[in-house]
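>>> quick one, what's the 3D model for this:
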Amino acid sequence: MTYQAKVLVEGLGFSEDLRWHEGRLWFSDMEAKSVMATDLKGNIIKIVDVQGTPSGLGWSPDGDMMVVSMADRKLLKLIGKKLKEVANLWDFASFNCNDMVVTEQGRAYIGNFGFDFEAMAPYAPGEIITVSPDGKAEVAADNLAFPNGITITPDGKTLIVSETLGECITAFDIDSGGLLTNRRIWAALKNMTPDGITIDIEGAVWVSSPVSGGVFRVHEGGEISDRVMVSEQAYSCTLGGTDRKTLLIAVSPPLHQLFKIMNIPLDSDVVYDESDGKIEFCQVSVPGLGCP
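Here you go, the predicted structure:
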């Protein structure tokens with residue numbers, strides 16, 4: 001089935017890492033260097049500024065928001081109105097950190113670019129770093145082609161991650177110590193450059209594809225059953241609303257570096273503007289799991 005998304009909020013910077021939490025959509029605005037939240041009427045509030053540029057979001061078991069600070073490679077926690085450092089990831093991440101998923105027990109899994117993507121530096125693989133509830137960080141998996149959107153299956157036993165430059169979604173078993181084993185291809189997605197993902201109760205994954213102009217519902221093995229058309233390029237998504245059937249999507253103009261790295265022709269010569277970002281949405285038939 002094909003859906004057409006509608007605009008919920010516009011005039012944003014580069015919005016990423018969408019999460020539904022406590023009746024609102026939370027997201028990182030990388031251009032504004034702020035974590036924001038909005039209801040489904042488009043009423044936005046600022047949660048906190050993150051000078052190192054916010055990315056992945058999650059919540060600890062005690063309800064405190066956790067946020068990845070990209071440029072200084074840290075995991076932070078918002079306690080009251082102040083950000084506190086949970087873990088410094090500088091010794092573990094090859095380059096800037098990005099997306100994150102946090103388990104119900106408070107263990108975080110965080111990806112990183114692997115190389116200076118924006119400056120078009122030579123490619124290098126990245127890692128997934130895990131941070132335990134007590135703040136201990138270690139590499140859970142390495143040699144990933146730009147690990148990006150991350151989620152966990154309904155049984156809590158499998159971690160699924162987008163390898164944006166690998167054009168695939170990869171799965172790992174989660175062992176008793178939180179490390180990742182039994183690496184395998186969950187879905188090969190040629191020419192789709194998968195970015196942010198979210199999982200539904202049937203175990204299918206909605207995948208944001210920045211070079212395909214949409215979001216795709218992908219099943220293990222690679223079958224695509226549904227597509228959502230958006231106005232620009234999709235970078236992140238989550239399922240929210242009271243019934244978890246509202247697919248919310250972060251939309252912005254093309255990142256020219258991504259198209260160049262993947263050798264994909266780009267028809268538009270639009271230059272990204274800091275107020276071009278949007279949140280778009282549509283209703284789908286299968287509810288989300290809530291992770292992320």
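>>> tell me how far residue 209 lies from residue 19.
Applying C-beta to C-beta, to the nearest Å, the value for residue 209 to residue 19 is 19 Å. (Each C-beta comes from the backbone N, C-alpha and C, glycine too.)
>>> and for residue 65?
For residue 65, the distance to residue 19 - C-beta to C-beta - is 9 Å.
>>> what touches both of these two?
26, 57-58 (C-beta atoms under 8 Å, 6 or more residues apart in numbering).
>>> so which of these is the closest to residue 153?
residue 58 (16.5 Å; C-beta to C-beta).
>>> quick check: the closest one touching residue 110?
No: applying C-beta atoms under 8 Å as the test, residue 58 and residue 110 come out as separate, 9.4 Å apart.
>>> identify the contacts common to those two.
Common neighbours of residue 58 and residue 110 (C-beta under 8 Å, 6+ apart) are residue 100.
>>> between the two, tell me which one has more neighbours.
residue 110 (31 against 27; other C-beta atoms under 10 Å).
>>> residues in contact with whatever helix or strand the more buried one lives in?
Assigning secondary structure by DSSP states H and E places residue 110 in strand 108-112. Strand 108-112 has contacts (C-beta under 8 Å, 6+ apart) with 56, 58, 66, 68, 73, 75, 86, 89, 93-103, 126-131, 140, 144, 146-148, 150, 159, 161.
>>> neighbours of residue 224, how many?
Residue 224, neighbours per other C-beta under 10 Å, totals 14.
>>> that one pairs with what?
residue 218 (DSSP bridges).
>>> quick check: it touching residue 218?
Yes: with contact defined as C-beta under 8 Å, residue 224 reaches residue 218; the gap is 5.6 Å.
>>> in the protein, which spans are helices?
Here the chain has its helices, by DSSP state H, at 256-261.
>>> leaving out chain neighbours, which residue sits closest to residue 18?
Nearest residue to residue 18 in three dimensions, chain neighbours excluded: residue 238, at 4.2 Å (C-beta to C-beta, 6 or more residues apart in numbering).
>>> same check on residue 15?
Nearest one to residue 15, counting by C-beta to C-beta, 6+ apart, is residue 250 at 4.3 Å.
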